[in-house]
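**Student:** Next comes the sequence, and after it the predicted model I'd like to discuss.
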Amino acid sequence: MKKDRRDFLKIAGLAAVAGIGAPSAFGSLLRGSDEALAAAPAAGGEEAAKSGKRLGMVINVRAFAAQPELAEKCTEVCHSIHNVPDFGNPKDEIKWIWKDKYNNVFADSSHYKRPGGLAEVPVLALCNHCDKPPCVRACPTKATFKKSDGVVAMDYHRCIGCRFCMAACPYGARSFNWRDPRGKDENGNPFIKTLNPKFPARMRGVVEKCNFCTERLAVGQIPACVEAVAGTGAMFFGDLNDPNSEISQILSLYYTVQRKPSLGTYPSLFYII
Amino acid sequence: MYGTGRIIPALAIFLGFMTFAVWYNAGQAQQPPKPEKPKDYKECVAPTEYMRTSHMVLLNEWRDDILRNGGPRTGVTANGTSYTRSLQNGCMNCHNDKKKFCDTCHTYAAVKPYCWDCHLEPMKEAM
C-alpha cells in the first residue's frame, strides 16, 4: 500500500486531534460516575453539612403513645394556620403534617416482634427537610429550594404543577392541588373552613408541603406543631449544627431513628421510638 | 359599477359600526382611574411615581429576597415608618380595600394580576 506525503500528513493530523480530544471526552463521562461514587459510602443518615444552621426536629413517639390525641392536635393547628384545604377525599388529600401507622412511616424497618401496641401508635410524619433533598433536584423551575437555615421551602408562584417533586420525595410529604383549594364542595361548604388572613392560600395546580413554619421562625416563634405540644416533651425543634441547642442535647441523650436513611437524603427529622 | 344601490349603503353602515367607539365617546374625555388612597397614612414605602409604575417589581423583589435570601421581613420608609414587606400583611394593611384601590387601575388597564389566586384580600370582618 502506497502512502504519499499528503495522506501521511492527513492521518497524522487526525490522530493528533483524537489524542487531544479523547481525555477530555472521557473526563466528562467520568465526572458523573465520581459523583455517584462519592454519594454512595456517605449514605447512612449522618448529617452531611456540619457548618451553618440546620434546623431539625425530634418527634418522641413515646409521648404520642401516652397521649394519642396530640397528633391530631398538631395536624389541626398546622392546617388551620396554613390554610390547608380539606377536600374530604383521600385521593385529593392535602397534608402538611399527618399521623400514620408506625409500619407505614418506617416501612423499610423490620416490624417483626416489635413491642406490642407500637403498630397502633399514631406516628407524625411531615416533610423531612432533608439536607440533600431529592425534590429540589427534581424541580425544573427552582420553585422548591433549600434555604440557608436548612428549610426546604417552596415558592408557589414558580410551581408549574409538574409533580416531579412528588415523584422524587421518598416520604410522600408533598400534595398536589387537584381542585381549587378556595372552592366549595357540593353542599356549599368551603374546603378551607376558616381562612387565616395572615397567610396565603394556594391555587389549583400547585404542589404544597410543610414549610417548617418559616413565616413563624422569621418572627422568632417555633413551628406551630411544636408549640401545640409544648410541655409534653413530644416534639423538639432547633439547630442540629449547634451542639448546645436543646435538640442536640436530646439527640445525644436518646437513640433516634430517621426515615429511610439508606437513601442518602439526610433527613432533619429524628424519631425517638 | 354594478349593485351601487346596495354597496354604498352597506359600506356606510359598515363604516358607521367600525367607527362607533370614536363617535360614541366624542366630546367626553375619558376619566383616568382614581384609586382611593388610605386616609390614615400619608406616605408609601417608595415614592408615588415609582409605586405607580413598578409596584409589581417591588413585590417580586420582596418575595425573592425574603423567601430565597432570608432577607428582612420589615422595611423602613423614607420618613422612618416601619412596615412589613408583604402584600397580604403589608400593603393591604393600609390599602385595605382591594376593590377601591387595586382594581380601579387594573380594570382600567385591562390587566389581570394573579396575586389573588392565592393571596387573601382583606376581609371586612377581620378589620
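**Tutor:** Done, it's in.
**Student:** the helices in the chain, which residues?
**Tutor:** I'll assume chain A. Along chain A, counting by DSSP state H, helices occupy A:5-42, A:61-66, A:69-81, A:102-105, A:134-138, A:164-168, A:214-217, A:224-228, A:246-253.
**Student:** wait, I meant chain B there
**Tutor:** Using DSSP H, helices in chain B cover B:4-18, B:20-24, B:48-69, B:92-94, B:102-108, B:115-118.
**Student:** before we move on, back to that, output the helices of chain A as JSON lines; include the columns distance to chain B, mean pLDDT and mean neighbour count.
**Tutor:** Placement of C-beta: from N, CA and C, glycine included. JSON lines is the format used below for the helices of chain A (distance: least, CB to the nearest CB, whole Å; pLDDT from 0 to 100; neighbours: other CB atoms under 10 Å in any protein chain shown):
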{"stretch": "helix A:5-42", "distance to chain B": "25", "mean pLDDT": "74", "mean neighbour count": "9"}
{"stretch": "helix A:61-66", "distance to chain B": "32", "mean pLDDT": "94", "mean neighbour count": "18"}
{"stretch": "helix A:69-81", "distance to chain B": "13", "mean pLDDT": "96", "mean neighbour count": "18"}
{"stretch": "helix A:102-105", "distance to chain B": "29", "mean pLDDT": "94", "mean neighbour count": "16"}
{"stretch": "helix A:134-138", "distance to chain B": "12", "mean pLDDT": "96", "mean neighbour count": "18"}
{"stretch": "helix A:164-168", "distance to chain B": "16", "mean pLDDT": "97", "mean neighbour count": "17"}
{"stretch": "helix A:214-217", "distance to chain B": "8", "mean pLDDT": "94", "mean neighbour count": "18"}
{"stretch": "helix A:224-228", "distance to chain B": "17", "mean pLDDT": "96", "mean neighbour count": "20"}
{"stretch": "helix A:246-253", "distance to chain B": "20", "mean pLDDT": "96", "mean neighbour count": "15"}
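**Student:** Provide a list of residues in contact with the nearest residue to B:His106 once chain neighbours are set aside.
**Tutor:** Spatially, and ignoring its direct neighbours in sequence, B:His106 is nearest to B:Pro113 (6.4 Å; CB to CB, 6 or more residues apart in numbering or on different chains). Shown in contact with B:Pro113 (CB atoms under 8 Å, 6 or more residues apart in numbering or on different chains): B:Met56, B:Cys102, B:His106.
**Student:** most surrounded residue in those?
**Tutor:** B:Cys102 (20 neighbours; other CB atoms under 10 Å in any protein chain shown).
**Student:** who are the neighbours in contact with that residue?
**Tutor:** Counted by CB under 8 Å, 6+ apart, B:Cys102 has contacts B:Pro35, B:His95, B:Pro113.
**Student:** pretty sure A:Arg174 is in contact with A:Met166, am I right?
**Tutor:** Yes. Using CB atoms under 8 Å, A:Arg174 is in contact with A:Met166, at 4.6 Å.
**Student:** what residues are shared contacts of the two?
**Tutor:** Common neighbours of A:Arg174 and A:Met166 (CB under 8 Å, 6+ apart) are A:Cys135, A:Val207.
**Student:** Apart from its chain neighbours, what residue comes closest to the closest residue to chain A within chain B?
**Tutor:** Closest residue of chain B to chain A, CB to the nearest CB: B:Asp117 (4.2 Å). Nearest residue to B:Asp117 in three dimensions, chain neighbours excluded: A:Met203, at 4.2 Å (CB to CB, 6+ apart).
**Student:** Around chain A, which positions in chain B sit nearby?
**Tutor:** Within chain B, the positions adjacent to chain A are B:63-64, B:66-68, B:70, B:73, B:88-89, B:114, B:117-120, B:122-123, B:126 by CB under 8 Å from any CB of the partner chain.
**Student:** contacting residues for B:Gln51?
**Tutor:** For the record, residue B:51 is Met, not Gln. So B:Met51 contacts B:Cys44, B:Val45, B:Leu58 (CB under 8 Å, 6+ apart).
**Student:** Just the pLDDT at the closest residue to B:Met92 other than its chain neighbours, thanks.
**Tutor:** Nearest residue to B:Met92, sequence neighbours excluded (CB to CB, 6+ apart): B:Pro122, at 4.9 Å. pLDDT for B:Pro122: 90.
**Student:** what's the neighbour count on B:Pro122?
**Tutor:** For B:Pro122, using other CB under 10 Å, the count is 15.
**Student:** now do B:Cys91
**Tutor:** 26.
**Student:** and the end-to-end length of stretch A:162-182?
**Tutor:** 21 Å (CA to CA, to the nearest Å).
**Student:** before we move on, back to that, ok, the contacts of B:Met51 vs A:Asp180, which is closest?
**Tutor:** B:Leu58 (28.2 Å; CB to CB).
**Student:** pretty sure that closest one contacts B:Cys44?
**Tutor:** No. Using CB under 8 Å as the test, B:Leu58 is too far from B:Cys44 to be in contact (10.1 Å).
**Student:** give the contact list for residue 95.
**Tutor:** No chain in the question, so chain A it is. Contacts of A:Lys95 by CB under 8 Å, 6+ apart are A:Thr75, A:His79, A:Val84, A:Ser175.
**Student:** my bad, chain B
**Tutor:** B:His95 neighbours (CB under 8 Å, 6+ apart): B:Lys37, B:Pro38, B:Phe101, B:Cys102.
**Student:** List just the nearest of these to B:Gly3.
**Tutor:** Comparing the contacts of B:His95 against B:Gly3 with CB to CB places B:Cys102 closest, at 53.8 Å.
**Student:** Give the closest residue to B:Arg85 in space, chain neighbours not counted.
**Tutor:** B:Trp62 (4.4 Å).
**Student:** can you check A:Cys165 too?
**Tutor:** A:Cys135 (3.8 Å).
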